[in-house]
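Undergrad: attaching a predicted model along with its sequence, questions to come.
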Amino acid sequence: MSSASSQKNLPLREIPGGYGLPFFGAIKDRYDFFYNLGVDRYFRTRMEKYKSTVFRCNMPPGPFMAKNSKVVALVDAVSFPILFDVSKVEKRDIFQGTYMASTKFTGGHRVCSFLDPSEPKHATLKALFLRTLAKLHHRFLPLFSSVTDDIFAQIEGELGKKGESNFNNVNDVKAFEFLFRLYCNDVKPADTKLGANAGNLVTKWLLPQIAPVTSLGLKWLPGFIEDLFLHTFPIPFFLVKSHYDKMYDAFHNNLGPLLDDAEKAGLKRDEACHNFVFFVCFNSYAAFKFFLPELLKHVGSAGEALHRHLAEEIRRAVEREGGKITVNALNNMPLTESAIWEALRIEPPIRYQYAKAKEDIIIQSHDASYLVKKGETIFGFQPFATKDPKIFENPDKYIPDRFVGEGKRLIEYVYWSNGKGTDIPGANDKQCLGREMIILLSRLFLAELFLRYDTFVVEVSNYLFSYTVTFKSLTKASSST
């Protein structure tokens, strides 16, 4: 393992690559991206062809859906952080990349994720969210612990009856329940217009917004059919309007004090509510929906030896706290935390980052410098940056103790949250607001798991945008704290 290149005089090289024929080049690249090559090979073949980790290419969806598909792609750990430097790049309306869904999906408002820090309302909204998270922080552990009680009770019940239990089905329901109760005065979604299937309703609202930049991954569906329906024209809002109306009403009726705080900050209740809906349902819920199955996939596949070490560490830390899971106990679980960071590194929940150059910028990779012109779109493919072989040994291998001890310094290069792994979100940057909560609650989830069980077996399959994780067995803890 070698450290990242420091800023130094590297040869200035013209950015290789290109965009092909007008209109048709973008469509060809879209088919390569989704169907002919697949995402990883799309970037890897260009890296090899141009012998560069900085190159030009098109990014979907392309014609009809986006004004411009042309990007300068960054796929190494050294060049990637330019995407976080808001003094040099702009993040306006580029949260979803070259495509932006209609603001009808967010009540007619450009919510915080689409605002650039130079826009005054960005700091107001992000500061509100940061204060809200600080205000609710004391509720994270007890509420999430209660929700995980329900999760494991349901999984055990299904294992007893059917011999297996689909984690995603349980997680989708309970993750949203946790978030809604956290922000909405402990009211359960089932007691609102959202009903018992609130998670499914939110997912239906999410899909039209992310469909243009992703693939369903259904092998039985011909690529040209999926491309026609997902990537050629936007899916209209009216198809999910009734769902969003229920979401908005449920939040507006129950956010209460948080909307009062928003008014004190100079925001209208309506705009603040739409921002909370997006923050909870898109930024936060999507992270839990997709990351916890990924975490279980990697920890489960690592085998019984890792499970034994995690169980020993977790039980020892909890025992020191009098048998209770506290923040202090979670902070004394270095292997547990490392296993989570390693899952975030090897498969970041957010795969793509975008920005536009505010000025002419010199970007450095490991071995060359490149000039990006003002106004050009810069794209970062995160899974390659966080698996940069010049930073990480055995980059494609899940190594759960990678970030223990001296290895902890490598957390800087885990860019999953739109910032360096060591950065703390602030009101004037674009780093993920839920960064700390995701890591904290992922540690709590593993703690709850290994306080109950010595080991487990899961079966993993690809489905839609993530993985389906099915528990095949859970071995009850041989000893408990």
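TA: Perfect, I can see it now. Numbering: from 1, shown residues only.
Undergrad: tell me the buried residues in the helix or strand harbouring residue 206?
TA: In this assignment (DSSP states H and E), residue 206 forms part of helix 198-210. Residues of helix 198-210 classed as buried by neighbour count (16 or more other C-beta atoms under 10 Å): 198, 199, 201, 202, 203, 205, 206, 207, 208, 209. C-beta: built from backbone N, CA, C; applies to glycine.
Undergrad: with stretch 59-71 instead?
TA: For stretch 59-71, by 16+ other C-beta under 10 Å, it's 59, 60, 61, 62, 63, 65, 66, 69, 70, 71.
Undergrad: hmm, the fifth one is touching residue 25, no?
TA: No: counting by C-beta atoms under 8 Å, residue 63 sits too far from residue 25 to count as a contact (10.0 Å).
Undergrad: what inclination does the next helix or strand after the helix holding residue 206 have with respect to helix 198-210?
TA: Next helix or strand after helix 198-210 toward the C-terminus (DSSP H and E): helix 223-230. Compare the direction of helix 223-230 with that of helix 198-210 by axes from the mean of the first three to the mean of the last three C-alpha atoms, to 10 degrees and you get 100 degrees.
Undergrad: who are the packing partners of helix 223-230?
TA: helix 24-31 (3 or more C-beta pairs under 8 Å, 6 or more residues apart in numbering; DSSP states H and E).
Undergrad: same thing but 10 Å
TA: Under the contact criterion of 3 or more C-beta pairs under 10 Å, 6 or more residues apart in numbering; DSSP states H and E, helix 223-230 touches helix 24-31, helix 198-210.
Undergrad: can you state the direction angle for the helix or strand following that helix and helix 198-210?
TA: The helix or strand immediately downstream of helix 223-230 is helix 241-254, counting by DSSP H and E. Compare the direction of helix 241-254 with that of helix 198-210 by the same axes, to 10 degrees and you get 120 degrees.
Undergrad: how about helix 241-254: buried residues?
TA: Of the residues in helix 241-254, 243, 244, 246, 247, 248, 250, 251, 252, 254 count as buried by neighbour count, 16+ other C-beta under 10 Å.
Undergrad: now it - C-alpha only, PDB.
TA: Output in PDB follows, covering the C-alpha atoms of helix 241-254 (Å, rounded to 0.1, in the frame of the first residue of the first chain):
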ATOM      1  CA  LYS A 241     -48.700  12.000  -7.100                       C
ATOM      2  CA  SER A 242     -51.100  10.300  -4.700                       C
ATOM      3  CA  HIS A 243     -48.200   8.500  -3.000                       C
ATOM      4  CA  TYR A 244     -46.300  11.800  -2.500                       C
ATOM      5  CA  ASP A 245     -49.500  13.600  -1.300                       C
ATOM      6  CA  LYS A 246     -49.800  10.900   1.500                       C
ATOM      7  CA  MET A 247     -46.100  11.300   2.300                       C
ATOM      8  CA  TYR A 248     -46.300  15.000   2.600                       C
ATOM      9  CA  ASP A 249     -49.500  15.000   4.600                       C
ATOM     10  CA  ALA A 250     -48.100  12.400   7.100                       C
ATOM     11  CA  PHE A 251     -45.000  14.500   7.700                       C
ATOM     12  CA  HIS A 252     -46.700  17.900   7.700                       C
ATOM     13  CA  ASN A 253     -49.200  16.600  10.300                       C
ATOM     14  CA  ASN A 254     -46.500  15.100  12.600                       C
END
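Undergrad: off-centre distance for it?
TA: 24 Å (C-alpha atoms, centre = their mean, to the nearest Å).
Undergrad: show me the contact partners of that helix.
TA: For helix 241-254, the external contacting residues (C-beta atoms under 10 Å, 6 or more residues apart in numbering) are 104-107, 180-181, 183-187, 189, 191-195, 198, 200-206, 237, 240, 258-259, 269-270, 272-274, 276-278, 280-281.
Undergrad: and the next helix or strand past that helix?
TA: Per DSSP H and E, helix 241-254 leads on to helix 257-264 as the next helix or strand towards the C-terminus.
Undergrad: how far off centre is the next helix or strand after that following helix?
TA: The helix or strand immediately downstream of helix 257-264 is helix 269-278, counting by DSSP H and E. Centroid separation for helix 269-278 versus its chain: 21 Å, with C-alpha atoms, centre = their mean.
Undergrad: dump helix 269-278 to PDB, keeping only the CA atoms.
TA: Output of helix 269-278 as PDB, limited to C-alpha atoms (Å, rounded to 0.1, in the frame of the first residue of the first chain):
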ATOM      1  CA  ARG A 269     -43.500  25.600   6.800                       C
ATOM      2  CA  ASP A 270     -44.400  24.200   3.400                       C
ATOM      3  CA  GLU A 271     -40.900  24.400   1.900                       C
ATOM      4  CA  ALA A 272     -39.400  23.100   5.100                       C
ATOM      5  CA  CYS A 273     -41.700  20.100   5.100                       C
ATOM      6  CA  HIS A 274     -40.900  19.200   1.500                       C
ATOM      7  CA  ASN A 275     -37.200  19.300   2.400                       C
ATOM      8  CA  PHE A 276     -37.800  17.100   5.400                       C
ATOM      9  CA  VAL A 277     -39.700  14.600   3.200                       C
ATOM     10  CA  PHE A 278     -36.800  14.400   0.800                       C
END
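Undergrad: same for the helix or strand containing residue 180, what does it pack against?
TA: Using DSSP H and E, residue 180 sits within helix 167-183. Secondary-structure packing of helix 167-183 (3+ C-beta pairs under 10 Å, 6+ apart): helix 120-162, helix 198-210, helix 241-254, helix 285-302, helix 435-452, strand 453-463, strand 466-476.
Undergrad: quick one: which of those is nearest residue 35?
TA: strand 453-463 (15.1 Å; C-beta to C-beta).
Undergrad: am I right that residue 300 is in contact with residue 400?
TA: No: counting by C-beta atoms under 10 Å, residue 400 is not a contact partner of residue 300; they are 11.6 Å apart.
Undergrad: now the common contact residues for the two.
TA: Shared contacts of residue 300 and residue 400, counting by C-beta under 10 Å, 6+ apart, come down to residue 306.
Undergrad: so who does residue 452 touch?
TA: Going by C-beta under 10 Å, 6+ apart, residue 452 touches 148, 149, 152, 156, 311, 474, 475, 476, 477, 480.
Undergrad: what is the nearest of those residues to residue 295?
TA: residue 148 (13.3 Å).
Undergrad: centre of the chain to stretch 270-283, how far?
TA: Computed by C-alpha atoms, centre = their mean, the chain-centroid distance of stretch 270-283 equals 17 Å.
Undergrad: buried residues in it?
TA: 271-283.
Undergrad: ok, of the residues you listed, which one's closest to residue 418?
TA: Using C-beta to C-beta, the buried residues of stretch 270-283 come closest to residue 418 at residue 283, 10.5 Å.
Undergrad: how far away is the closest residue to that closest one other than its chain neighbours from residue 149?
TA: Leaving aside its sequence neighbours, residue 283 sits nearest to residue 434 (C-beta to C-beta, 6 or more residues apart in numbering; 6.0 Å). As judged by C-beta to C-beta, to the nearest Å, residue 434 and residue 149 stand 22 Å apart.
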